[in-house]
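Peer 1: How does the following fold in three dimensions:
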Amino acid sequence: MTDILILGAGYAGLRAAKILAKKKLNANITLINRNDYHYETTALASIAAGTLKTNKVVLPLPANLPAGIHFKQATVTKIDRPNQQVLLADEAPLHYDYLIVALGLVSEDYGVPGAKEYAMPIVSLDTALAVKQHVEKQFQNYQKSQDPDDLKIIVCGAWFSALEYLGALAARLPKLAAHYNIPLDQISVQCIEAKDNILPMFDDQLTNYVKDWLAKHHIVLRTGTPIKEVQANAVITDEQTYTANTIIWTTGVSGSPVISASGLENRRNRVMVTDELCLEDDKSVFLIGDVAAVRMPGKPFPYPATGQIAFQMGVCAANNIAADLNHEPRKDFEFNDLGTVLALGDRDGVAKVFGEHKLHGYLASALKRVIDDRSLIEQSGLKAMFAHGRFDFL
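Peer 2: This is a model prediction of the structure:
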């Protein structure tokens, strides 16, 4: 019997498992994940801000896996391709005939001194909860300390996830201020970004809408300001030092370090794969999601890593493995871009959908919720959606 291993239960890995289960293959399919749950990565900003509870974004595993998929909770340390094995921490290696690598991402500090030690990333459920708890602790501490830095929050980097966090945070701050009896105008939030521009996926109209929204909510955006160093309670740039007792790092991400540990040629732990999503020199190993780079047609650079592309890559990789086992031809990956939506809290946002159609305001934020719920439905089904209370906004 053919052994198929899937590493990682994020968007890509979980989707691949579901597609393979539908194929009714003569194969032993095992999904390996560090945690016994799947979570919606696109909701981490809201978890970190405290506007969404974890039960809204978590699906327990293996309870929500389709029949025919075995689940193993373990930490992957290395892929041993010569022996067709996956090495696990404190566990015996597992053999594979086909391998789908969907191990996700980690925070990227770009070598900035102090970033890893003193700044908090938002790249997993645990890190998002840590940010939420830290902000609340600083606000609580202010009642005794009266230290203005307890009420200062610096977000380093203006990436997509950073702006969604700032949007959710702006919605939460009035409630936090009231709870801790803090004047709202004493809370300081700023975002420091090295590049001159933000949100390259949007045009100037939508980008300016986001900038105006941030200003209206008293969030200072500093672009063209590279960060030189992060200290315990400060961010240092060329121009000045900004102090705060909450420093959040959202400058970018890279793929799982397992990629480098496995000796795969990569750039920031993303591997350039073929059009079939496998390795050029090993057709049995597929890489999808945040650890994979797929060149855009006619372009010298790959698609950006997003939830929707990970979802579609999971489908393609699973279909190509099934094609091999059924003695059918493989198909190349074709990305169907459904658009991009940036939420600014739960009542505002911007979107580019169906080509160049633009939305902003409440309609964009509503579309974001529809997209997130559709993703969960396709991953787990309506039963799980109702069980986890995802429809209570309707």
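Peer 1: CA atoms of stretch 174-192 as CSV?
Peer 2: Extracted C-alpha coordinates of stretch 174-192, given in CSV (Å, rounded to 0.1, in the frame of the first residue of the first chain):
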residue,chain,number,x,y,z
PRO,A,174,-12.1,52.0,23.7
LYS,A,175,-13.2,48.9,25.6
LEU,A,176,-9.8,48.3,27.1
ALA,A,177,-9.5,52.0,28.1
ALA,A,178,-12.9,51.9,29.9
HIS,A,179,-12.1,48.6,31.6
TYR,A,180,-8.8,49.8,33.0
ASN,A,181,-10.1,53.3,33.6
ILE,A,182,-7.6,54.9,31.3
PRO,A,183,-8.2,58.0,29.2
LEU,A,184,-8.3,56.9,25.6
ASP,A,185,-6.3,59.8,24.4
GLN,A,186,-3.3,58.7,26.5
ILE,A,187,-2.9,55.5,24.5
SER,A,188,-0.3,55.7,21.8
VAL,A,189,-0.2,53.4,18.8
GLN,A,190,2.2,53.7,15.9
CYS,A,191,3.4,51.6,13.0
ILE,A,192,7.0,51.9,11.7
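Peer 1: and it, which residues are buried?
Peer 2: With burial defined by 16 or more other C-beta atoms under 10 Å, the residues of stretch 174-192 counted as buried are Leu176, Ala177, Tyr180, Ile182, Ile187, Ser188, Val189, Gln190, Cys191, Ile192. (C-beta placed from N, C-alpha, C; glycine too.)
Peer 1: same question, stretch 209-227
Peer 2: Within stretch 209-227, the residues that count as buried by 16+ other C-beta under 10 Å are Tyr209, Val210, Lys211, Trp213, Leu214, His217, Ile219, Leu221, Arg222, Thr225, Ile227.
Peer 1: How about the fifth one, nearest residue that isn't a chain neighbour?
Peer 2: Spelled out, it's Leu214. Once flanking residues are discounted, Leu214 sits nearest to Leu221: 5.3 Å by C-beta to C-beta, 6 or more residues apart in numbering.
Peer 1: now swap in Leu206 and tell me
Peer 2: Ranked by C-beta to C-beta, 6+ apart and with sequence neighbours excluded, the top spatial neighbour of Leu206 is Val350, at 4.4 Å.
Peer 1: Surely Ile154 and Asn245 touch.
Peer 2: No - at 9.5 Å, Ile154 and Asn245 do not qualify as touching, with contact defined as C-beta atoms under 8 Å.
Peer 1: List the residues that contact the nearest residue to Gln140 once chain neighbours are set aside.
Peer 2: Spatial nearest neighbour of Gln140, excluding adjacent residues (C-beta to C-beta, 6+ apart): Tyr180 at 6.1 Å. Counting by C-beta atoms under 8 Å, 6 or more residues apart in numbering, Tyr180 touches Phe139, Gln140, Tyr142, Gln143.
Peer 1: could you redo the last one with a cut-off of 10 Å?
Peer 2: Tyr180 is in contact with Glu136, Gln138, Phe139, Gln140, Asn141, Tyr142, Gln143, Asp150, Leu151, counting by C-beta atoms under 10 Å, 6 or more residues apart in numbering.
Peer 1: Report how many residues lie close to the third one.
Peer 2: Residue neighbour count, defined by other C-beta atoms under 10 Å, stands at 21 for Phe139.
Peer 1: Only the buried residues of the strand or helix carrying it, if you could.
Peer 2: Using DSSP states H and E, Phe139 sits within helix 125-145. Judged by neighbour count using 16+ other C-beta under 10 Å, the buried positions of helix 125-145 are Leu125, Thr127, Ala128, Leu129, Val131, Lys132, His134, Val135, Gln138, Phe139, Tyr142.
Peer 1: Tell me which other helices or strands that helix touches.
Peer 2: Judged by 3 or more C-beta pairs under 10 Å, 6 or more residues apart in numbering; DSSP states H and E, helix 125-145 is in contact with strand 37-39, helix 44-49, strand 120-121, strand 152-156, helix 160-179, strand 246-249.
Peer 1: Make JSON lines out of those and add distance to Tyr362.
Peer 2: Shown next, in JSON lines, are these (distance: least, C-beta to C-beta, whole Å):
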{"stretch": "strand 37-39", "distance to Tyr362": "26"}
{"stretch": "helix 44-49", "distance to Tyr362": "16"}
{"stretch": "strand 120-121", "distance to Tyr362": "30"}
{"stretch": "strand 152-156", "distance to Tyr362": "24"}
{"stretch": "helix 160-179", "distance to Tyr362": "13"}
{"stretch": "strand 246-249", "distance to Tyr362": "27"}
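Peer 1: Mind listing the residues bridging to Asn33?
Peer 2: For Asn33, the beta-bridge partners are Gln73 (DSSP bridges).
Peer 1: Is it correct that it is in contact with Leu59?
Peer 2: No - Asn33 is beyond contact range of Leu59, at 11.3 Å (criterion: C-beta atoms under 10 Å).
Peer 1: For stretch 245-259, list every residue counted as buried.
Peer 2: For stretch 245-259, the neighbour count (16+ other C-beta under 10 Å) marks 245-251, 253-256, 258-259 as buried.
Peer 1: is it possible to export the residues you listed to JSON lines including distance to Arg369?
Peer 2: What follows is the buried residues of stretch 245-259, written out as JSON lines (distance: C-beta to C-beta, whole Å):
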{"residue": "Asn245", "distance to Arg369": "32"}
{"residue": "Thr246", "distance to Arg369": "27"}
{"residue": "Ile247", "distance to Arg369": "30"}
{"residue": "Ile248", "distance to Arg369": "24"}
{"residue": "Trp249", "distance to Arg369": "27"}
{"residue": "Thr250", "distance to Arg369": "22"}
{"residue": "Thr251", "distance to Arg369": "27"}
{"residue": "Val253", "distance to Arg369": "24"}
{"residue": "Ser254", "distance to Arg369": "29"}
{"residue": "Gly255", "distance to Arg369": "28"}
{"residue": "Ser256", "distance to Arg369": "29"}
{"residue": "Val258", "distance to Arg369": "33"}
{"residue": "Ile259", "distance to Arg369": "33"}
